[in-house]
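*Asks:* here is the input, now give the coordinates:
(one chain, ligands or ions: 1)
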Amino acid sequence: MTAEVRPVLAARGLTVVHRGPDGPVTAVRGAVLDLVPGRTVALTGRSGSGKTSLLTALGLLAVPTAGTVLVDGRDTAGLSDAALSALRRDRLGFVFQSFHLLPQFTATENVALAHPGGLRRGAGPARLLLNGVGLGHRLGHRPRELSAGEQQRVALARALVNRPAVLLADEPTGNLDAESASAVLDLLTRSAAQDGCAVLLVTHSAEVAARADRVLEMADGVLGGGAPPALPCPPAHAPGAAS
Ligand SMILES: Nc1ncnc2c1ncn2[C@@H]1O[C@H](COP(=O)(O)OP(=O)(O)OP(=O)(O)O)[C@@H](O)[C@H]1O
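*Replies:* Modelled structure (predicted):
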């Protein structure tokens with residue numbers, strides 16, 4: 001019998017309406033979603049279907065128009081900006097389409113700065129993660145001295161260095177060749193399997209989606225269902241695992 005696993009991040013009736021120049025645009029319509037420790041969910045859908053809007057609301061970066069996001073079973077509606085930012089820092093990791101790396105810092109420093117121990121204590125873990133995504137030879141490069149795909153991998157390493165409970169990644173393999181994409185996917189699936197991280201990744205690639213435990217499709221703001229996870233329950237040490 002499979003033990004029930006509590007979601008670390010959940011959406012209930014999540015609706016996002018943008019105010020566009022020509023009037024409101026409903027980007028997400030009542031999404032319901034559970035992300036559980038140790039599982040990877042791929043989110044697919046055509047351009048403009050609402051994937052980034054959903055990710056942004058799930059990541060507590062924008063207040064939804066309706067519905068709510070729960071972190072560790074706790075409703076985040078009405079939390080102060082400080083409380084939301086603490087939840088983002090302590091529980092969530094992000095990889096955005098634009099990487100938001102700090103231009104004056106090296107690859108190692110960009111990753112280490114996101115480590116709870118700061119630059120000094122984070123440098124070792126940062127180097128390990130950068131090696132894991134094939135950037136061991138670019139540790140001292142600043143963002144402008146890196147290709148787009150290399151910057152994307154630095155952003156992924158930065159998102160993982162504080163061992164987040166949830167990783168939200170917007171097309172983390174979008175700029176990568178097959179070999180680099182495979183290294184990134186290995187790192188993501190390893191983070192899920194070993195650290196119990198719940199991963200949600202937006203992708204246009206059928207190959208990437210095939211490596212996820214579950215695939216969900218968005219169409220015109222509606223989040224469709226997907227095949228249930230094929231894997232057995234996540235590791236016993238994962239937070240939130242029911243006894
Ligand atoms: N800030 C905004 N103001 C107005 N409309 C917006 C805003 N952001 C997104 N939209 C609209 O909301 C819809 C969903 O956009 P979103 O970026 O979430 O789609 P997406 O599925 O991530 O697309 P892509 O695959 O191209 O990145 C689109 O029609 C878009 O034009």
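*Asks:* contact residues of this structure facing the ligand?
*Replies:* 18, 20, 25, 27, 45, 47, 48, 49, 50, 51, 52, 53 (CB under 6 Å from any ligand atom). From N, CA and C alone the C-beta is placed, and that goes for glycine too.
*Asks:* which residues sit against the helix or strand hosting residue 108?
*Replies:* If you go by DSSP states H and E, residue 108 is part of helix 107-112. By CB atoms under 8 Å, 6 or more residues apart in numbering, the residues outside helix 107-112 that reach it are 101-102, 118-120, 122-123, 125-127, 129-130, 135, 138-143, 146, 150, 154, 157-158, 161.
*Asks:* tell me the contacts of the closest residue to residue 148 other than its chain neighbours?
*Replies:* What sits nearest to residue 148 in space, not counting adjacent residues and going by CB to CB, 6 or more residues apart in numbering, is residue 175, at 4.5 Å. The contact partners of residue 175, taken as CB under 8 Å, 6+ apart, are 147, 148, 149, 152.
*Asks:* residue 156 now?
*Replies:* Applying CB under 8 Å, 6+ apart to residue 156 gives the contacts 95, 133, 169, 172, 184, 187, 188.
*Asks:* is it true that the third one lies in a strand?
*Replies:* Yes. Note on residue 169: a strand contains this position according to DSSP: H, G, I helix; E, B strand; the rest coil.
*Asks:* state the distance from it to residue 197.
*Replies:* Separation of residue 169 from residue 197 (CB to CB, to the nearest Å) stands at 11 Å.
*Asks:* so which bits of the helix or strand of the chain with the lowest mean pLDDT are buried?
*Replies:* When the helices and strands of the chain are scored by mean pLDDT, DSSP states H and E, helix 178-195 comes last with a mean of 83. Neighbour-count burial for helix 178-195, counted by 16 or more other CB atoms under 10 Å, picks out 180-185, 187-189, 191-193, 195.
*Asks:* stretch 196-209 too?
*Replies:* 196, 197, 198, 199, 200, 201, 202, 203, 205, 208, 209.
*Asks:* low-confidence ranges in the protein?
*Replies:* Low-confidence segments of the chain (pLDDT under 70): 1-4, 225-243.
*Asks:* for the most centrally placed residue in it, give its distance to residue 202.
*Replies:* Centroid-nearest residue in the chain: residue 168, 1.3 Å away (criterion: CA atoms, centre = their mean). The gap separating residue 168 from residue 202 is 9 Å, by CB to CB.
*Asks:* ok, back up a step: tell me which two of the buried residues of stretch 196-209 sit farthest apart.
*Replies:* 196 and 205 (24.9 Å; CB to CB).
*Asks:* which helix or strand contains residue 13?
*Replies:* strand 9-20.
*Asks:* what about the helices in the chain?
*Replies:* Taking DSSP state H to define them, one finds helices in the chain at 51-58, 81-91, 107-112, 118-132, 148-160, 178-195, 206-210.
*Asks:* which secondary structure elements does the first one contact?
*Replies:* With contacts taken as 3 or more CB pairs under 8 Å, 6 or more residues apart in numbering; DSSP states H and E, helix 51-58 sits against strand 9-20, strand 23-35, strand 40-45, strand 166-170, strand 198-202.
*Asks:* could you tell me which strands sit next to the third one in the sheet, and their orientation?
*Replies:* By that I understand strand 40-45. Under the criterion DSSP bridges, strand 40-45 sits next to strand 198-202 (parallel), strand 214-219 (parallel) in its sheet.
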